[in-house]
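[1] Pasting the sequence and the predicted model now:
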Amino acid sequence: MLRVYNTLSKTKEPFETVRPGKVGMYLCGPTVYKPSHIGHMVGPVIFDAVKRYLVYSGYDVTWVVNVTDVDDKLINESGARGVPMKQLAEEMTADYMSNIRALGVDVIDHFPRCTATMPEIIEFTRDLIAKGFAYEAKGDVYFDVSKAPDYGKLSHRRAEAMLGDGGGMVDRKRNSADFALWKAAKSGEPSWDSPWGKGRPGWHIECSAMSCKLLGETFDIHGGGLDLVFPHHENEIAQSECRHGRPMAKYWMHNGLMQASDEVGKVGGRATRAAEGDLASQEAGKISKSKGSEPFREMLKKFPGETIRFFLLSTHYRRPIDFSAGRIREVETGMETFYRFFKRYERVAGESFYDIDAPKTRNNGDFTPGKDPLLKSVAEWRNRYLEAMDDDFNTGGGIAVLYDLVRALNKFVDDEKLEEPGRRDAAKLKSLRHGAAVLKELAGTLGLFREPVAEKTAADDGLTPRLMDLLIALRAEARKKKDFATADRIRNGLSEIGVVLEDRPGGTEWSVKS
RNA sequence: GGCGCCGUAGCCAAGUGGCUAAGGCAGCGGAUUGCAAAUCCGCCAUUCGUGGGUUCGACUCCCACCGGCGCCUCCA
């Protein structure tokens, strides 16, 4: 039974969909005014895994991520750069798209743009005025927070505390907590015609309009960063629920934020670490200097997308994440365990791990292990994995199980000596294949290990492999004659130029050091 | 000031009112290997920020304190 933490109730609730078998999911996407950075990638990766797991669990999922392509920041940036807002938005949208794609995020169904949703936004606003929840003031339209019955229910704040005079906008707003649905255009700003004159939407209204348009008045999951709980999501709820008279979303899921400190002492949130001045804090400090502003596409040049994805999923989504190059390298080292197993699998089973036709749904993956000891332990790990994921998408716990699973498979290959060609019988290989298929099945719900990673290879002019074959043959002859001095000289010499030799029962393999 | 989150080994990080407190990185033994690499086995928190309280029993619930962090200001 899947359980999901709901910010509304501050508890984990059993997951029950609004409509049987269907899930509507909305994630607040980027404002496309600057290249995206690592922090923008947290939500997409996490909710990508959420969608995959829901699909795996048998739901028909529609996932919407909006693109905010008109707002103050965009207008300012476009002015500063002397680039039309539309063009800026298009460039930055392309940047965002290529970044999430590099992280394997490719199951988003709709990317609605604010500028392409104007009729719905205007209609939404007009309806709110008609129903008495909003008012016009000098070409602006504001939502009247005092009319929203349970304003504050998501962020758990009391509305009364937020009401008061209009603050700096006292001439237009009735209450300081009131927020803009529509903003009158200042001269030179991009604008759209509306019943209130030329203007553009306020920040929150687009999400209400788009989610309603694509997912309906009530849908299942609304997600976003923890920083959006207030005021953004609170205001979305107010708008949508006042207009429709029914809940906007059943489950509100919020992911933790990437730590964004520039001070060594603050990174990681551990006073002791900074005080000691140890390696980790120094590393974090160095990285954080560029972290806040470094475009994600630059980071992608340093680390593979799949590694960053693995890193983001290795901790629970509601926790804050500390980023450092050292952490990424640790994760990279850990992932080698999987990549090496995949190669081993190919050697032993004669087929690529990536070509395994693994079950796509939980029901199809269910199996009874019988007496086979390997499959018994595989089935056990599979259950452990599913338990973890059923518990509010505990991807960190799930990844731990993946390590247990790959260890069980390696042990089986060791115990049965399957690296030796003569020891491979059909029954053993069948068990191994089944175990590997389960690994692929489970990793697939996290969107991991879907495609072979780009391996570092020697320039392939056709000559290198033949030269390597020759060297390996020479070394084999030396070893046969117990001339280990020569054998080691070849291996050590190659190691110095970045080529690793590994001796196995089936022969010697070479690879380029990563 | 208001609202809220977090503090688990050298580092990262799951988890739980009583079952051996996952997993990863680093480290140390051993098996394997001509030696390696890889893999496997074992070790690595009598203890879960500190001090109280509730309970037959708490790391897990409550309170206080210390430390870190977020939001309250159109940041994912």
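    Sure thing, it's come through.
[2] what number of residues lie near A:D95?
    The criterion is other C-beta atoms under 10 Å. On that basis, A:D95 has 17 neighbouring residues. Placement of C-beta: from N, CA and C, glycine included.
[3] Does the nearest residue to it once chain neighbours are set aside fall in a helix, a strand, or a coil region?
    Excluding its sequence neighbours, the residue lying closest to A:D95 (C-beta to C-beta, 6 or more residues apart in numbering) is A:P35, at 5.0 Å. When states are read from DSSP: H, G, I helix; E, B strand; the rest coil, the local structure at A:P35 comes out as coil.
[4] can you check A:V70 too?
    Per three-state DSSP, A:V70 ends up coil.
[5] and the residue lying closest to A:R504 once chain neighbours are set aside, how many neighbours does it have?
    Nearest in space to A:R504, with sequence neighbours left out and distances taken as C-beta to C-beta, 6+ apart, is A:E419 at 5.6 Å. A:E419 has 15 neighbours, counted by other C-beta under 10 Å.
[6] got it, and the one 4 residues further on?
    Applying the criterion other C-beta under 10 Å, we find 13 residues in the vicinity of A:R423.
[7] I'd say it and A:V413 touch.
    No: the criterion here is C-beta atoms under 8 Å, and A:R423 misses it with A:V413 at 10.0 Å.
[8] returning to that earlier point: and the residue nearest to A:D95, how close does it get to RNA strand B?
    Using C-beta to the nearest atom of the strand, to the nearest Å, we find A:P35 at a distance of 11 Å from RNA strand B.
[9] That residue and A:E420: what is the separation?
    A:P35 sits at a distance of 52 Å from A:E420 (criterion: C-beta to C-beta, to the nearest Å).
[10] Could you do A:S155 as well?
    Distance, A:S155 to A:E420, using C-beta to C-beta: 62 Å.
[11] same question, A:K73
    A:K73 sits 63 Å away from A:E420 when distances are taken as C-beta to C-beta.
[12] same check, this time on A:K183
    Distance from A:K183 to A:E420, counting by C-beta to C-beta: 73 Å.
[13] okay, those two: which has more neighbours?
    The residue with the greater number of neighbours, taking A:K183 and A:E420 and applying other C-beta under 10 Å, is A:K183; the counts read 20 against 12.
[14] Show me what secondary structure element comes after the helix or strand harbouring that one.
    Assigned by DSSP states H and E, A:K183 falls within strand A:179-184. Where DSSP H and E defines the elements, the next helix or strand beyond strand A:179-184 is strand A:199-201.
[15] quick one: average pLDDT of that following strand?
    For strand A:199-201, the mean pLDDT works out to 94.
[16] from the middle of its chain, how far away would it be?
    Relative to the mean C-alpha coordinate of its chain, strand A:199-201 is positioned 31 Å out (C-alpha atoms, centre = their mean, to the nearest Å).
[17] List the buried residues of that strand.
    With burial defined by 16 or more other C-beta atoms under 10 Å, the residues of strand A:199-201 counted as buried are A:199-201.
[18] now stretch A:76-91
    By 16+ other C-beta under 10 Å, the buried positions in stretch A:76-91 come out as A:77-78, A:85, A:88-89.
[19] Tell me the one among those nearest to RNA strand B.
    Set against RNA strand B, the nearest of those by C-beta to the nearest atom of the strand is A:E77 (11.3 Å).
[20] sec struct for the closest one, please.
    Under three-state DSSP, A:E77 comes out as helix.
[21] Let me see the confidence value for it.
    Here, the pLDDT recorded for A:E77 equals 91.
[22] That one contacts A:L88, correct?
    Yes: with contact defined as C-beta under 8 Å, A:E77 counts as touching A:L88 (6.3 Å).
[23] Overlap of the contact sets of those two?
    The overlap between the contact sets of A:E77 and A:L88 (C-beta atoms under 8 Å, 6 or more residues apart in numbering) consists of A:Y33.
[24] doesn't A:G24 make contact with A:I221?
    Yes: taking C-beta under 8 Å as the contact criterion, A:I221 and A:G24 are neighbours in contact, 7.3 Å apart.
[25] The closest residue to A:S155 other than its chain neighbours: how many residues sit nearby?
    Spatial nearest neighbour of A:S155, excluding adjacent residues (C-beta to C-beta, 6+ apart): A:F230 at 3.8 Å. The burial count assigned to A:F230 is 15, neighbours taken as other C-beta under 10 Å.
[26] what's the answer for A:S176, then?
    16.
[27] Provide the secondary structure category for it.
    Reducing the assignment at A:S176 to three states with three-state DSSP gives coil.
[28] quick one: it and A:N364, what's the gap?
    Counting by C-beta to C-beta, the gap from A:S176 to A:N364 is 55 Å.
[29] got it, and A:G43?
    For A:G43 relative to A:N364 (C-beta to C-beta), the value is 29 Å.
[30] So those two - more neighbours on which side?
    For A:G43 against A:N364, the residue with the higher neighbour count under other C-beta under 10 Å is A:G43, and the figures read 26 against 12.
[31] does that one belong to a helix or a strand, and which?
    Following DSSP H and E, one finds A:G43 within helix A:38-56.
[32] hmm, back to that, which single one of the buried residues of strand A:199-201 is nearest to A:V401?
    Of all these, the one with the least separation from A:V401 (C-beta to C-beta) is A:P201, at 44.9 Å.
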